[in-house]
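Visitor: dropping the sequence and predicted coords here.
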Amino acid sequence: MTASPSKPAIPENLQAGGLDAIQTDAATLQRRYVRILRKQPNGLVAFEFSVGWPDMGCELVLPEALFEEFCLKNQVEFLTQAVGEKLGENNVEY
C-alpha cells in the first residue's frame with residue numbers, strides 16, 4: 001500500500017458552514033444586476049449577471065430576444081459603463 005498524500009489544511013474561515021455566517025438581508029438578495037459587455041454581429045448579447053452584489057457575477061450569452069425576456073423576468077437593474085469601470089474590467093475576448 002502507498003501512503004496517501006496529506007491534505008492541505010483548510011483555513012478556519014473557509015471551513016464548511018463559513019458562508020452560513022454571512023448575514024444578508026432579503027432585500028439585497030432580491031436585487032439583480034446586468035452589465036452589457038458586448039453585442040455581437042450574430043445577434044448574441046454577452047453580459048454579466050449578478051444577484052445581490054454587482055461586483056460578483058457571471059458572464060452569460062443569450063440571443064437578444066431571450067436577453068430582453070431574461071431582464072424583464074429578473075427585474076434587473078442595468079449597470080452603467082461608469083459603474084462597470086469602477087468594478088473593474090474583467091471581460092476578455094475569447
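Guide: Sure, I can see it.

Visitor: which residues touch the helix ranked longest in the chain?
Guide: Secondary structure of the chain read by DSSP state H shows that its longest helix is helix 64-74. Applying C-beta atoms under 8 Å, 6 or more residues apart in numbering, the external contacts of helix 64-74 come out as 32, 34, 39, 43-45, 47, 49, 62, 76, 78. C-beta here means a position set from N, CA and C on the backbone, and glycine is covered the same way.

Visitor: also stretch 39-55?
Guide: So stretch 39-55 is contacted by 24, 28-29, 31-38, 56-64, 67, 74, 76, 79, 83, 87-88, 91 (C-beta under 8 Å, 6+ apart).

Visitor: can you check stretch 25-32 too?
Guide: The contact list for stretch 25-32 (C-beta under 8 Å, 6+ apart) reads 49-53, 74-77.

Visitor: give the ChimeraX command for selecting the buried subset of the residues you listed.
Guide: Entered in ChimeraX, the line below selects the buried ones among the contacts of stretch 25-32, by 16 or more other C-beta atoms under 10 Å:
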select :49,50,51,76
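
Visitor: of the contacts of stretch 25-32, which is the nearest to residue 6?
Guide: Nearest to residue 6 among the contacts of stretch 25-32 is residue 53, at 35.6 Å by C-beta to C-beta.

Visitor: dump the helix or strand that contains residue 45 to CSV, restricted to CA.
Guide: Under DSSP states H and E, the secondary-structure element containing residue 45 is strand 44-51. Output of strand 44-51 as CSV, limited to C-alpha atoms (Å, rounded to 0.1, in the frame of the first residue of the first chain):
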residue,chain,number,x,y,z
LEU,A,44,-25.9,37.5,-29.3
VAL,A,45,-25.6,39.7,-26.2
ALA,A,46,-22.8,39.0,-23.8
PHE,A,47,-23.5,40.3,-20.3
GLU,A,48,-22.6,39.9,-16.6
PHE,A,49,-25.4,38.9,-14.3
SER,A,50,-25.2,39.2,-10.6
VAL,A,51,-27.5,38.7,-7.6
